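Chemist: Fold the following, please.
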Amino acid sequence: MPREEISRGAEAVIYREDHHVTKARPRKTYRHPQLDAMLRKQRTRKEAKVLQQLKKLRIPGPTLLDTDDKQAIIMMSDVTGERLRDVLDDDTGLCEHIGRHVATLHDHDLIHGDLTTSNMIRRPDGSVALIDFGLTFHSTRIEDKAVDLHLFRQALKSKHHAVADEAWKRFLKSYHSKQKKTVLQRLRVVEKRGRNKA
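Modeler: Model (predicted):
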């Protein structure tokens, strides 16, 4: 199977080849070469560690196959299925899967950082996998967990307006984080802050 570019972002390019996916962080010519090499290496290592943690936590997502720090490349399994952005409007129950996964992440102090339905895949068996952990980081702060939820809720309102309220209810139904009450209290503060800025 020839190499196929499937995504290009500000930081990385993702290719599909054979039965795996390669994520490459290209050099940034505007940065000092040594700084650029260090940042690309650090971010590649960090994302690889997150993928290893996901496997231990049994959260569906790509499996880490190989990594090359110097070249800033990660090889991982290809998660097949449909992007939730294309199917969520017809099946808000998928948000219950997402709620469980995000609660597990938060209970292990992992913040996804980019919870949008473009980074979620409905697999052929009906389960939901999370992808793209380039912005994921560790944090014990309730604020960071609340912001993670805020970004997801905003994504629902923006891309799935007709079903956003129902989808959010389904998400909360299964978001059984040990800190759920505190996180949701902080979420209200985050949302109020956002409204005041607008």
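
Chemist: When you work out contacts or count neighbours from here on, use the C-alpha atoms and nothing else.
Modeler: Noted.

Chemist: Run through the strands of this structure in chain order.
Modeler: Ranges of strands within the chain are 4-8, 13-17, 20-24, 64-68, 73-77, 82-83, 110-111, 120-122, 128-130, 137-138, based on DSSP state E.

Chemist: how about the helices of this protein, start to end?
Modeler: Secondary structure of the chain (DSSP state H): helices located at 33-57, 84-87, 94-107, 142-159, 164-174, 180-197.

Chemist: What residues sit buried inside the shortest one?
Modeler: Translated: helix 84-87. Using 16 or more other C-alpha atoms under 10 Å as the test for burial, helix 84-87 gives 84-85.

Chemist: try the fifth one
Modeler: Residues of helix 164-174 classed as buried: 164, 167-172, 174 (neighbour count, 16+ other C-alpha under 10 Å).

Chemist: Reformat those as JSON lines; add distance to S127.
Modeler: Below are the buried residues of helix 164-174 laid out as JSON lines (distance: C-alpha to C-alpha, whole Å):
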{"residue": "A164", "distance to S127": "20"}
{"residue": "A167", "distance to S127": "16"}
{"residue": "W168", "distance to S127": "18"}
{"residue": "K169", "distance to S127": "18"}
{"residue": "R170", "distance to S127": "15"}
{"residue": "F171", "distance to S127": "14"}
{"residue": "L172", "distance to S127": "17"}
{"residue": "S174", "distance to S127": "14"}
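
Chemist: Taking these together, which two end up most distant?
Modeler: Largest separation among the buried residues of helix 164-174 by C-alpha to C-alpha: A164 and S174, giving 15.9 Å.
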